[in-house]
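J.: sequence and computational prediction follow.
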Amino acid sequence: MKYWIMWFLVSILVSSNSNAVCTESGRPACIVVHDTNNVEILVSNFGSFGRAANGGPGCFWPKGSGHSYIFGAGIWFGTIDFLTGDTLVTIGYGPHGGETEFVPGLENLPPTHPDAIIYVYPDNWPAPITSFPMAPTLNVSHQDSWCAFNDCDSTVHMPGDGRPIGIEVYQTVYVWDLPNLEDIVFFDYEIKNVTEHKINSCYIGTYLDRGISFDYSKVILNDWYVINSESIHVDNFVYQYHDIYTSWDSCVVGFDLLQTDFDLSPGMDKDNDGIPDQYERDSSYYVNNLSQSMWDVDRDHVPDWRDASENPQIGLTAMKLFTLNLDPNKDNERYMTLAGYNFKTGEYCPFDTMPPEPDDMRCLLASGPFSIKPDSSIMLVFAIMFANWRGIYQKPDTAIVLVDKWAQLYYDMNYYRYTSVGEGRSEERTENNFMVLPNPVTTQGHIIFSVPTSEHIKIKLYNVLGQAVKMVAHGYFAAGKHDVAFSVDYLSSGTYFIMLETGNNRRCQSVIIK
């Protein structure tokens, strides 16, 4: 019997409670729910997400409504075998039966090991460092989860078609319960090459089996929106919506590939920042050739040579649409689809603009090609987000772009992921959720904070001389999370400080005004 069937059956046992955390010995295959904010989404430790243990849908919005938008999803990873030239694709979700070719844990850790489970903050966080030295020890969001899985077990691969590539995947999911992030879930995948050879011609993708048959799936590539006098840049984004009105289908769903592998070519400067591509990740080049003001241009406390958002990336290279009867179900067909080809005709058409005949629709978002050296890894980060648009905006993309703005900002400013102490995350960023976004501020900023009880609060803006230049807020705030907007009109460019006072407690954070 294939192991993927066993994992699926075991997960039924451990997920009868939607908030299940799998800690029972001998029951490593887990499905747990993220539901801290307005999204309910199920994630597993075997490569799939958005699918319930009983085979039903596993992503609902808004929370408690029962409106499902993903019937099943998972990551796909493809390569060309360096010895045989065969195309190999490992899938985390297959639409014909929820198939997966991943097993829980690490290559050298049996999938039945009691530690090969999902760790959720605060329930059983963090993962034991003895089994998972690469796992995070500090939480970042209000409901982090972390797990590891791999494709190295040949018995779980489809008979006669596939075999292991030799990768481990470390999956982190972040969910914030903040006003601007309550409709967003972040997925962070680190894919590691655990073979002794370089893996070439790689593609990675996210396969989505949508819970309802959306009429339209559209791609936004490197475009600008002007909404409420604010200019918003969208680099690569896919959104889906239904064109026939019901109370359910007024939703628009968005998918943003926030981080893919780097797109660096010696002798070129693809992001036009004055730094040749070959030096974008070279700290010595910055120190020896650039002024210190250029070491961290977005002032997020992460040096640009370690800040993925400041380096050219491959981005979204394919968005393919198909139905169940036209689904790629062999490795060669899947690899062609990941690479942007029509596997039926061989035609290269990376971005499908017209859906197939009305049917149960599937979608694949992909990025590549790239290579991974032995014992090295690449990152894939994406966000899933939701918004209502009908009766609010004339077009669905207006609504979802406004949500994506915050997802992109959290990624760009490294708030969404812990990097290292004193760099990717600082105490003034995380203490009681006190932060300023965006930073730098050009026209309007937001102060996001929370208080445990109703309190009288003052928020003031000070200049570098310690002079108060603006009273941002003054009054009683109820217990919970708050988002206070402030204008910087008529203020000179430079460094300022936001001071939040609650009784005898004061918190301060610097902010740049441009």
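T.: Structure's in. What do you need? Quantities reported herein were computed from a predicted structural model and do not represent experimental measurements.
J.: pop out the phi and psi values for Q408.
T.: The phi and psi torsions at Q408 (degrees, to the nearest 10) take the values phi -60, psi -40.
J.: what is the neighbour count of T137?
T.: Burial of T137 is recorded as 10 neighbouring residues (other Cβ atoms under 10 Å). Yep, even glycine has a C-beta here, placed from its N, CA and C like the rest.
J.: wait, doesn't it sit right on Y119?
T.: No. With contacts counted by Cβ atoms under 8 Å, T137 stays clear of Y119, the gap being 10.5 Å.
J.: common neighbours of these two, please.
T.: The contact sets of T137 and Y119 overlap at P126 (Cβ atoms under 8 Å, 6 or more residues apart in numbering).
J.: domains of the protein?
T.: 3-261+313-406, 269-304, 430-513 (automatic domain parsing).
J.: show me what the helix or strand hosting Q240 is packed against.
T.: With elements taken from DSSP states H and E, the one containing Q240 is strand 230-241. Counting by 3 or more Cβ pairs under 8 Å, 6 or more residues apart in numbering; DSSP states H and E, the packing neighbours recorded for strand 230-241 are strand 216-227, strand 251-259, strand 361-372, helix 396-412.
J.: now the helices for the stretch 301-450 of the chain?
T.: Counting by DSSP state H, counting those that start in this stretch, the stretch 301-450 of the chain has helices at residues 331-338, 396-412, 427-430.
J.: E99: which of the helices and strands packed on strand 230-241 is closest?
T.: Nearest of those to E99, taken as Cβ to Cβ: strand 361-372 at 13.8 Å.
J.: by contact count, what packs against the closest one?
T.: In terms of contacts (3+ Cβ pairs under 8 Å, 6+ apart), strand 361-372 is packed against strand 68-80, strand 184-193, strand 199-210, strand 230-241, strand 251-259, strand 318-323, helix 331-338, strand 377-388.
J.: what's the distance between K330 and V89?
T.: Here the criterion is Cβ to Cβ, to the nearest Å. By it, K330 lies 9 Å from V89.
J.: more crowded one of the two?
T.: Neighbours around K330 and V89, counted as other Cβ under 10 Å, are more numerous at V89. The numbers are 27 against 15.
J.: contact partners for that one?
T.: V89 neighbours (Cβ under 8 Å, 6+ apart): W76, F77, G78, T79, G162, D331, R334, Y335, L338.
J.: please redo it, this time with the cut-off set to 6 Å
T.: Listed by Cβ atoms under 6 Å, 6 or more residues apart in numbering, the contact set of V89 reads W76, G78, D331, R334, Y335.
J.: show me the beta-bridge partners of the second one.
T.: This means G78. V89, Y203 (DSSP bridges).
J.: on that earlier part again, mean pLDDT, distance to Y174 and mean neighbour count for the helices and strands packed on strand 361-372 - can I get that in JSON lines?
T.: Written out in JSON lines, the entries for the helices and strands packed on strand 361-372 read as follows (pLDDT from 0 to 100; distance: least, Cβ to Cβ, whole Å; neighbours: other Cβ atoms under 10 Å):
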{"stretch": "strand 68-80", "mean pLDDT": "94", "distance to Y174": "16", "mean neighbour count": "24"}
{"stretch": "strand 184-193", "mean pLDDT": "97", "distance to Y174": "4", "mean neighbour count": "23"}
{"stretch": "strand 199-210", "mean pLDDT": "94", "distance to Y174": "16", "mean neighbour count": "24"}
{"stretch": "strand 230-241", "mean pLDDT": "89", "distance to Y174": "19", "mean neighbour count": "19"}
{"stretch": "strand 251-259", "mean pLDDT": "94", "distance to Y174": "11", "mean neighbour count": "25"}
{"stretch": "strand 318-323", "mean pLDDT": "89", "distance to Y174": "24", "mean neighbour count": "21"}
{"stretch": "helix 331-338", "mean pLDDT": "96", "distance to Y174": "25", "mean neighbour count": "22"}
{"stretch": "strand 377-388", "mean pLDDT": "96", "distance to Y174": "9", "mean neighbour count": "22"}
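J.: redo the domains of the chain as a markdown table? Include distance to Y415.
T.: Formatted as a markdown table, the entries for the domains of the chain read as follows, by distance: least, Cβ to Cβ, whole Å:
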| stretch | distance to Y415 |
| --- | --- |
| domain 3-261+313-406 | 8 |
| domain 269-304 | 8 |
| domain 430-513 | 7 |
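J.: please identify the most buried of those domains.
T.: For those, the stretch with the most neighbours on average is domain 3-261+313-406, a mean of 19; neighbours defined as mean count of other Cβ atoms under 10 Å.
J.: hmm, S44 is touching V33, no?
T.: No. The pair S44 / V33 is not scored as a contact, 10.8 Å apart, by Cβ atoms under 6 Å.
J.: quick one: residues contacting L491.
T.: L491 makes contacts with I513, as judged by Cβ under 6 Å, 6+ apart.
J.: let's see 7 Å
T.: Contacts were defined as Cβ atoms under 7 Å, 6 or more residues apart in numbering; by that measure L491 touches V469, I513.
J.: so it lies in a helix, does it not?
T.: No. Under DSSP: H, G, I helix; E, B strand; the rest coil, L491 falls outside any helix and is assigned coil.
J.: quick check: it vs L109, distance?
T.: Relative to L109, and taking Cβ to Cβ, L491 is found at 55 Å.
J.: please apply the same query to K218.
T.: When K218 is compared with L109 (using Cβ to Cβ), they lie 42 Å apart.
J.: G50 too?
T.: Applying Cβ to Cβ, one obtains 26 Å for the distance of G50 from L109.
J.: returning to what we had before: now tell me which of the helices of the stretch 301-450 of the chain the model trusts least on average.
T.: Looking at those, the lowest mean pLDDT belongs to helix 427-430 (a mean of 36).
J.: which strands and helices lie in contact with the strand or helix carrying Y496?
T.: Element membership for Y496 (DSSP H and E) is strand 494-502. Contact here means 3 or more Cβ pairs under 7 Å, 6 or more residues apart in numbering; DSSP states H and E; on that basis strand 494-502 packs against strand 444-451, strand 455-463, strand 505-513.
J.: how about those strands in TSV, adding distance to E168?
T.: As requested, these are arranged in TSV below (distance: least, Cβ to Cβ, whole Å):
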stretch	distance to E168
strand 444-451	35
strand 455-463	45
strand 505-513	37
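J.: export these to TSV and append columns for distance to Y225 and mean pLDDT.
T.: Shown next, in TSV, are the helices and strands packed on strand 494-502 (distance: least, Cβ to Cβ, whole Å; pLDDT from 0 to 100):
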stretch	distance to Y225	mean pLDDT
strand 444-451	16	85
strand 455-463	29	88
strand 505-513	23	78
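J.: quick one: closest of those to S265.
T.: Of all the helices and strands packed on strand 494-502, strand 505-513 comes closest under Cβ to Cβ, at 31.6 Å.
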